[in-house]
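Asks: Provide a 3D model corresponding to the input given below.
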Amino acid sequence: MLRCCGNGQALGKERIKKTYIRNGAQEPLFGVATGEMKPLAKKIKKNQPLAEQLYATGNYDAMYFAGIIADPMTMTEADFERWMDAAYFYMLSDFVVAVTLAETDFAQVVADKWIASGEELRMPAGWSCYCWLLGNRPDGEFSASKISSMLDQVENTIHDSPDRTKSAMNNFIYTVGISYLPLHDKAVETAKAVGPVEVRRGKKKSSILLASENIQKDIDRGQLGFKRKNVRC
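Replies: Coordinates of the predicted model:
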């Protein structure tokens, strides 16, 4: 990835680059598929100094790869705030910063701050972090009363929230409904109360999200209680 990890430009594909740009990525970037990054990550393993170098380049592919090889246990809250400051669109804030944060012991503390921040990218990243957490960690690590209050917050505010926050909140309802058994019933009730959620996608046609439908589909597939083995790929 870039000069310090092989030739990132050679791994890039114009088709993938265009897809990333449509989703909000900006130059510089090569358009490297995430699958192409995995063999490199296996060789490098966790390497926080290299991750910091790559993230600082501003190259989307390098920043994404930085999240794969980062060592969250060596990162501080200030490090995650710094990474979030440099995350200029949701594929970085949600799928690099938030997912890496979810492997730390202070994930909930930072995610709570981001949810309360009112900032366009921090809010959805905070909700996304909880999705990564709930989908991976034992139910006993969470306060049921806190998660219940968060469901109430979603029900009361989702339709008036920014589009990316709407999407992350909708995913939060779904994740609680499938992966956090103590509040499965409440999540189902919340999903029904919220109903369809319209999310605008820039120039694309708006998407209609329906958490209740997604929860039922996964129940039918026998996924109730599902936990990911790993947070990051």
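Asks: give me phi/psi at the nearest residue to Phe89 once chain neighbours are set aside?
Replies: Counting by C-beta to C-beta, 6 or more residues apart in numbering, Phe89 lies nearest to Gly24, which is 3.5 Å off, once chain neighbours are set aside. Yep, even glycine has a C-beta here, placed from its N, CA and C like the rest. Main-chain dihedrals, Gly24, degrees, to the nearest 10: phi 120, psi -10.
Asks: got it, and Ile208?
Replies: Backbone geometry at Ile208, expressed as degrees, to the nearest 10, gives phi -110, psi 120.
Asks: So what's the residue count around the residue nearest to Gly135 when sequence neighbours are not counted?
Replies: Of all residues not flanking Gly135 in the chain, Ser179 sits nearest, at 4.7 Å (C-beta to C-beta, 6+ apart). Around Ser179 there are 23 other residues, counting by other C-beta atoms under 10 Å.
Asks: Begin at 55, not 1, for the rest of this chat.
Replies: All right, first residue 55 from here; so that's Ser233.
Asks: who's in contact with Ser233?
Replies: With contact taken as C-beta atoms under 8 Å, 6 or more residues apart in numbering, Ser233 is in contact with 188-189, 279-281.
Asks: can you pull out the strands in this protein?
Replies: With DSSP state E as the criterion, the chain has strands at 251-255, 258-263.
Asks: For the ones you listed, state which one has the densest average packing.
Replies: When you average the neighbours per residue for each of the strands of the chain (mean count of other C-beta atoms under 10 Å), strand 251-255 leads with a mean of 14.
Asks: Report the central residue of this structure.
Replies: Asp148 (3.2 Å; C-alpha atoms, centre = their mean).
Asks: any idea how far that residue lies from Met223?
Replies: The gap separating Asp148 from Met223 is 12 Å, by C-beta to C-beta, to the nearest Å.
Asks: And Cys185, by the same measure?
Replies: Distance from Cys185 to Met223, by C-beta to C-beta: 10 Å.
Asks: neighbour count winner among these two?
Replies: Between Cys185 and Met223, Met223 has the larger neighbour count (other C-beta under 10 Å), namely 30 against 23.
Asks: pretty sure that one is touching Ser215, no?
Replies: Yes: Met223 is within contact range of Ser215, at 6.5 Å (criterion: C-beta atoms under 8 Å).
Asks: Mind listing the shared neighbours of the two?
Replies: When C-beta under 8 Å, 6+ apart defines a contact, no residue borders Met223 and Ser215 alike.
Asks: circling back: I'd like the strands of the chain as CSV, with distance to Thr130 and mean pLDDT appended.
Replies: Shown next, in CSV, are the strands of the chain (distance: least, C-beta to C-beta, whole Å; pLDDT from 0 to 100):
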stretch, distance to Thr130, mean pLDDT
strand 251-255, 33, 92
strand 258-263, 34, 90
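Asks: May I see the ones you listed organised as a markdown table, with distance to Gly194 added?
Replies: Converted to a markdown table, these look like this (distance: least, C-beta to C-beta, whole Å):
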| stretch | distance to Gly194 |
| --- | --- |
| strand 251-255 | 30 |
| strand 258-263 | 29 |
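Asks: mind checking which of those strands is nearest Glu68?
Replies: The minimum distance between Glu68 and those falls on strand 258-263, with 20.3 Å, by C-beta to C-beta.
Asks: For the closest one, which strands pair with it and how are they oriented?
Replies: Strand 258-263 has the following sheet partners, assigned by DSSP bridges: strand 251-255 (antiparallel).
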